[in-house]
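In: Any chance you can model this:
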Amino acid sequence: MKELAYLNKFFYKYRWRLLPGVLFVIISNLFAVLPAQVIRIAFDLVNENIAIFRLFDGFERQELISRIFGQSLLLFGVIVLLLALLRGIFLFFMRQTIILMSRHIEYDLKNEIYQHYQKLSMAFYRRNNTGDLMNRVTEDVSRVRMYLGPGIMYTINTSVLFVLIIISMFNVNTRLTVFSLLPLPLLAITIYYVHSMINHRSEKIQQQLSSLSSFVQETFSGIRVIKAYVREDDIRKKFNVESENYKSNSMSLVQVQALFYPMMLLLVGLSTIVTVYIGGVEVMNGNITSGNIAEFIVYVNQLTFPVMSLGWVTSLIQRAAASQKRINEFLNTKPEIISVDGEKTELKGNISFKNVNFRYPDTGIQAIKNISFEVKSGEFLAIIGRTGSGKSTIANLLMRMYDADNGQILLDGKTIEKLDLQHFRQQIGFVPQEVFLFSETIYNNISFGMTETDAGKVEKAAKNAAVFKNIMEFSKGFETMIGERGITLSGGQKQRLSIARAIIKEPQILIFDDCLSAVDTRTEEEILNNLSRVMKNKTSILIAHRVSTIKNADRILVMDGGEIIEQGTHNELMALKGIYFDLYEKQLLEEQTAGE
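Out: Numbering: from 1, shown residues only. You can find the predicted model right below:
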């Protein structure tokens, strides 16, 4: 239960729903116990009236006694029905308070998990797959809700009913009560041993469900690759293996429950047999009436539900504990990037890296080593280098997706860690290497980073990104729906939409992380000409592989192995005849060969 203790704060928050619910549980169970006493009185009355009826055999009053006897039975029947009706009303109130409370807590818990997800840094998402993240906020929370609602409700209901019945039984006859309850310690021992089995197997089920969800999510994400390589049958076989593992784990839990419930019913049935036998002995000894036996049988049968629900509730609690443990693992994960309530100043665009080093925490790869450079406001900085040279890492560090291991990153002379994270990110336009578009309209994708915008700004951004003509070729224009991950668009169109989404913010700093790779040379030139106008007096950083993309930059950094090995203007670097010169010559030769 220590994992479920996290939920206690929600019980306190919704205490004015929980406490009336508990009161309704107690009242409903009072009306559940009373019918047994009414049946005992009616049963004894039947015996007495039959004796009186036979005593007046042959007398006229016998008919009157018969009529009174019938009316009395009818009255007792009406009382039993009335008690059942009253119990039903309070059971309804009980569900309206406790079950609704569980729905409110489910809502709060999902929001809390989702908000916590958004606070976690990029390293967390590199370590965990999407399917597992989704499963914890959906399936795991649903299982926790079953504990919060039905689990809590039936636990309270079972406990109250059990106490009321035991008290009523002891008030009738102690010896008969003790013998009737003899099988219950055996039941408690059984529950104790089954308890750990259910918990262990529930955890395995949740882990396998996460694995299955992740597999399905990844399969659908890469469906084009699967079809292109004709791997449908292979993927189907792998899915069957995952499904089989989930089925096996589920069946192992069902096997435990299948053994558990019949055993409980057997023990309850044994209690009924003992009740009839010992009750008969007590009646012959004159200690109780036959009506008391009927009352006890009702009590024992009423205990059947608490005993059965005990097993079900135990299963609910164990599965909820397993799920809450998985949820707590993520909720207890602290974000590596902490957004302090720091300075909220308007950026001018002066950037400075001083002896910055960074190693990716999950892989241990040294991405950049002792990086130092400066960019003044309004300058156009380009970064070029081979794959894996650390270019994108600089962009990630500048956006503070990660924190540097050592060294300093300054914006306008202020350490980046001391700036308000959201405020300075709002002033940066970032076009990532891996373009992501939402399953929304083109208009909403471009205006994504803006709280308020208009059609004029969206169209202007599209024109500057050289994608306006492509958009207008669609029948619905800007209202065209983009499929998941932008699959209805070409690679170049997706990149240009991503560029439009960044420049519509009119940012003080614009970062391009190799986002022109899928654009032809002519369109690339158009975009760069537009950007030179849009980003006038603002800072631009362009990461690229092609020298032709960056030759007009104010300064170029050439990276290799995580280090800056050359820097300067295009002409200065060409004069050095170093790595930059070799790259330019190779790419020029490739273009000439392709042209031939």
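
In: can you pull out the helices in the stretch 51-200 of the chain?
Out: According to DSSP state H, counting those that start in this stretch, the stretch 51-200 of the chain carries its helices in the segments 61-119, 122-127, 130-137, 139-146, 152-172, 174-180, 183-221.

In: Could you dump those into TSV with mean neighbour count and mean pLDDT added?
Out: The way it works is simple: take the backbone N, C-alpha and C, and place the C-beta from them, glycine included. Compiled in TSV, those are given as follows (neighbours: other CB atoms under 10 Å; pLDDT from 0 to 100):
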stretch	mean neighbour count	mean pLDDT
helix 61-119	15	85
helix 122-127	14	81
helix 130-137	19	82
helix 139-146	21	89
helix 152-172	19	86
helix 174-180	18	83
helix 183-221	16	75
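
In: mind checking which of these is nearest residue 532?
Out: Nearest to residue 532 among the helices of the stretch 51-200 of the chain is helix 122-127 (30.5 Å), distances taken as CB to CB.

In: what does that closest one rub up against?
Out: Here helix 122-127 makes contact (CB atoms under 8 Å, 6 or more residues apart in numbering) with 333, 335-336, 360-362, 396, 401-402.

In: now stretch 306-320
Out: Here stretch 306-320 has contacts from 1, 4, 143-144, 146-148, 150-151, 154-155, 157-158, 161-162, 184, 187, 191, 194-195, 198-199, 202, 205-206, 257, 260-261, 264-265, 267-268, using CB under 8 Å, 6+ apart.

In: now do 6 Å
Out: 143-144, 146-147, 151, 154-155, 158, 161-162, 198-199, 202, 260-261, 264, 268 (CB atoms under 6 Å, 6 or more residues apart in numbering).

In: before we move on, what about stretch 328-346?
Out: Taking CB under 6 Å, 6+ apart as the rule, stretch 328-346 contacts 3, 6, 116, 119-121, 123, 418-421, 423.

In: try 8 Å this time
Out: By CB under 8 Å, 6+ apart, stretch 328-346 touches 3, 6, 112-113, 116-117, 119-121, 123-124, 133, 136, 361, 400-403, 412, 414, 417-423, 427, 508.

In: Give the buried residues for it.
Out: Neighbour-count burial for stretch 328-346, with 16 or more other CB atoms under 10 Å as criterion, is recorded at 328, 330, 333, 337, 342.

In: And for the spatially most central residue of the chain, nearest residue in space, chain neighbours not counted?
Out: Note on the chain: the residue nearest the mean C-alpha position is residue 137, at 0.8 Å, using CA atoms, centre = their mean. Closest residue to residue 137 apart from its sequence neighbours, by CB to CB, 6 or more residues apart in numbering: residue 113 at 4.9 Å.

In: For residue 332, see how far away that neighbour is.
Out: 12 Å (CB to CB, to the nearest Å).

In: before we move on, back to that, Provide a list of residues in contact with the residue nearest to residue 137.
Out: Contacts of residue 113 were listed using CB under 8 Å, 6+ apart, and they are 136-137, 141, 327, 330-331.

In: Among these, which one sits closest to residue 557?
Out: When the contacts of residue 113 are compared against residue 557 (criterion: CB to CB), the nearest one is residue 330, at 37.8 Å.

In: Need the three-state assignment for the closest one.
Out: For residue 330, the secondary structure call by DSSP: H, G, I helix; E, B strand; the rest coil comes out as helix.

In: How about the one 5 residues further on?
Out: The three-state label given to residue 335 by three-state DSSP is coil.

In: quick one, phi psi at it?
Out: The phi/psi pair for residue 335 (degrees, to the nearest 10) reads phi -70, psi 140.

In: measure it to residue 117 for me?
Out: For residue 335 relative to residue 117 (CB to CB), the value is 10 Å.

In: what's the burial count for the closest residue to residue 211 other than its chain neighbours?
Out: Leaving aside its sequence neighbours, residue 211 sits nearest to residue 242 (CB to CB, 6+ apart; 6.3 Å). Using other CB atoms under 10 Å, residue 242 has 17 neighbouring residues.

In: quick one: buried residues of stretch 267-278?
Out: 267-268, 271-272, 274-275, 278.

In: got it, and stretch 424-435?
Out: Buried, per 16+ other CB under 10 Å, within stretch 424-435: 424-432, 435.
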